[in-house]
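Chemist: coordinates only, sequence not included:
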């Protein structure tokens with residue numbers, strides 16, 4: 001049965017969530033399918049946990065309890081994460097180790113809102129707004145290069161890239177050749193919703209960004 005909804009579970013709560021799933025639906029059968037942990041209970045409830053950071057190291061003959069423990073241990077390792085939050089009105093770039101912010105840069109830009117005027121006025125506003133957006137994305141790109149590349153310990157590298165804000169803006173920034181090495185780390189290519197990026201938004205984003213996405217069917 002295909003997933004009907006998705007829930008976000010903060011990684012410190014994953015073990016409890018798995019225990020509660022078993023309490024509600026009975027002990028499930030579990031297996032790994034690519035980058036997902038798939039649970040199936042006797043009452044028909046299913047859950048698919050999207051697992052970040054590559055394969056889980058577990059014995060091929062591990063039972064369900066050992067598999068779940070391995071997944072919980074895997075997702076709770078504190079990893080080095082690059083974060084890119086970009087909207088037309090601003091950006092926030094950060095490097096996290098676990099939930100600790102170790103470097104950041106925040107900037108803001110003015111991008112004119114849409115107008116109800118028509119004719120030449122509307123076209124003029126549209127051109128001005130497009131130019132302002134391009135400048136905003138250019139400023140975000142410059143800060144992303146400085147924080148994530150120039151000031152980073154390139155020997156350490158990153159385990160993942162998390163993006164938030166506006167998809168067009170994030171993709172415009174990552175289109176810069178200097179950031180090309182980060183593109184493959186943006187998996188899955190989810191753009192998390194965030195308000196206009198500020199330092200407090202960046203600091204609070206990491207719990208949302210590191211939360212596990214779990215797809216549930218209608219019986220779960």
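Modeler: Cool, the structure landed. Quantities reported herein were computed from a predicted structural model and do not represent experimental measurements.

Chemist: OK, contacts around the residue nearest the centre of the chain?
Modeler: With distances taken as Cα atoms, centre = their mean, residue 162 lies nearest the centre of the chain, 3.9 Å away. When the contact criterion is Cβ atoms under 8 Å, 6 or more residues apart in numbering, the partners of residue 162 are 81, 82, 83, 84, 186, 192, 205, 206, 209, 210. All C-beta spots, glycine's among them, are computed from the backbone N, C-alpha and C.

Chemist: likewise residue 50?
Modeler: Residues 35, 36, 188, 212, 213, 214, 215 are the ones in contact with residue 50 under the rule Cβ under 8 Å, 6+ apart.

Chemist: what do you get if the cut-off is 7 Å, keeping everything else the same?
Modeler: Residue 50 makes contact with 35, 36, 188, 212, 213, according to Cβ atoms under 7 Å, 6 or more residues apart in numbering.

Chemist: now swap in residue 109 and tell me
Modeler: Counting by Cβ under 7 Å, 6+ apart, residue 109 touches 89, 90, 132, 135, 136, 139.

Chemist: Sort out which one of the residues you listed lies nearest residue 14 for me.
Modeler: Proximity of those to residue 14 (Cβ to Cβ) peaks at residue 90, which lies at 32.0 Å.

Chemist: That closest one: how many residues sit nearby?
Modeler: Residues contacting residue 90 under the criterion other Cβ atoms under 10 Å number 23.

Chemist: May I ask which helix or strand of this structure has the lowest mean pLDDT?
Modeler: Taking all helices and strands of the chain together, the one with the lowest average confidence (mean pLDDT, DSSP states H and E) is helix 119-145, at a mean of 73.

Chemist: what's the next secondary structure element after it?
Modeler: Counting by DSSP states H and E, the next helix or strand C-terminal to helix 119-145 is strand 160-165.

Chemist: just how off-centre is that next one within its chain?
Modeler: If you compare the mean C-alpha spot of strand 160-165 with that of the full chain, they lie 4 Å apart, counting by Cα atoms, centre = their mean, to the nearest Å.

Chemist: Ok, stretch 14-30 next?
Modeler: Centroid separation for stretch 14-30 versus its chain: 25 Å, with Cα atoms, centre = their mean.
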